[in-house]
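Trainee: Structure for this input, please:
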Amino acid sequence: MTKKGLHIVFLFIFCFQVFSQSKNDSLAVNFHLEFDKLPLQLNKKYVSATKDTLSIDIFRCYISNIQIQYEDKTVFEQKNSYHLLDFDNPNSFHIPITKKSDTLISKITFNIGIDSLTNTSGAMAGDLDPIKGMYWAWQSGYINMKIEGKSSSCNPQASGRKNEFQFHIGGYLQPYYAMRKKVIAVNHNGDITIAIDVSIFFAEIELSKTNSVMIPGKTAMELSDTMAKMFYLE
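Mentor: Have a look, this model is predicted:
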């Protein structure tokens, strides 16, 4: 092998080692989208606890203000951080946080949705860019969670749609402030894996009665409470 070839091989090995070391030293939060504790598949038919047969076309959700608290009471906070989980983008469910620590993690805290200050700051860039389809331009606010799909339980004559359901959950003004704070106990120092079980959301809904929520209000607030129950340590 030529001297130049050896240089290329050594450079490749060095880069691989640096990447591997960086990956091993980093702490990440991974979200898994599920239905009844099994990996969710788009457009697959599921049966909810309320006996609705349904399939899901779209799932998007904002995660913000992630905090990691360690057993020694130190806290790492990912300030001004907004992450859009989008089932069309699998990479969005992996969120690098900080360097790994030898200290045990006692809990993780995060917001499901977007805070009121950010909502009143107008449309932004990155994951907050309106092009992501999570911004209500008509009322200058963000959608915290969007779930859309189809079910034969939805009355097409009443909704004007072909057996479709649409849940756009949001709102940042009192009394309809729909963001929810989630605290989950951890007790280890490796990557954190959190399940998002969509079956929990549909277990508290009868799609024949409620299949479209598109504005802030009382129903959106109730569904936000249900939304928070979907998240748990896996």
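
Trainee: what residue ranges in this structure score low on pLDDT?
Mentor: For the chain, the stretches flagged by pLDDT under 70 are 1-24, 122-123, 138-140, 156-161.

Trainee: What is the lengthiest strand in the chain packed up against?
Mentor: The longest strand of the chain (DSSP state E) is strand 53-70. Applying 3 or more C-beta pairs under 8 Å, 6 or more residues apart in numbering; DSSP states H and E, one finds that strand 53-70 contacts strand 26-35, strand 46-47, strand 75-77, strand 82-86, strand 94-99, strand 105-112, strand 141-151, helix 198-202. Bear in mind the C-beta positions are built from the backbone N, C-alpha and C, glycine included.

Trainee: Restrict the fourth one to CA atoms and write it as CSV.
Mentor: Just to be clear, that refers to strand 82-86. Extracted in CSV, the C-alpha atoms of strand 82-86 (Å, rounded to 0.1, in the frame of the first residue of the first chain):
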residue,chain,number,x,y,z
TYR,A,82,-38.1,22.8,20.8
HIS,A,83,-38.2,19.4,19.1
LEU,A,84,-40.9,18.3,16.7
LEU,A,85,-41.5,14.5,16.8
ASP,A,86,-42.9,13.6,13.3
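
Trainee: Need the residues that contact that strand.
Mentor: 31, 33, 59-64, 66, 92-93, 95, 114, 118, 126-128, 132, 134, 196 (C-beta atoms under 8 Å, 6 or more residues apart in numbering).

Trainee: Give me the buried subset of those residues.
Mentor: The neighbour count (16 or more other C-beta atoms under 10 Å) marks 31, 33, 59-64, 66, 92-93, 95, 114, 118, 127-128, 132, 134, 196 as buried among the contacts of strand 82-86.

Trainee: just to revisit the earlier point, I'd like to know which of the helices and strands packed on strand 53-70 lies nearest to residue 212.
Mentor: With C-beta to C-beta as the criterion, residue 212 lies closest to strand 141-151 of these, at 9.9 Å.
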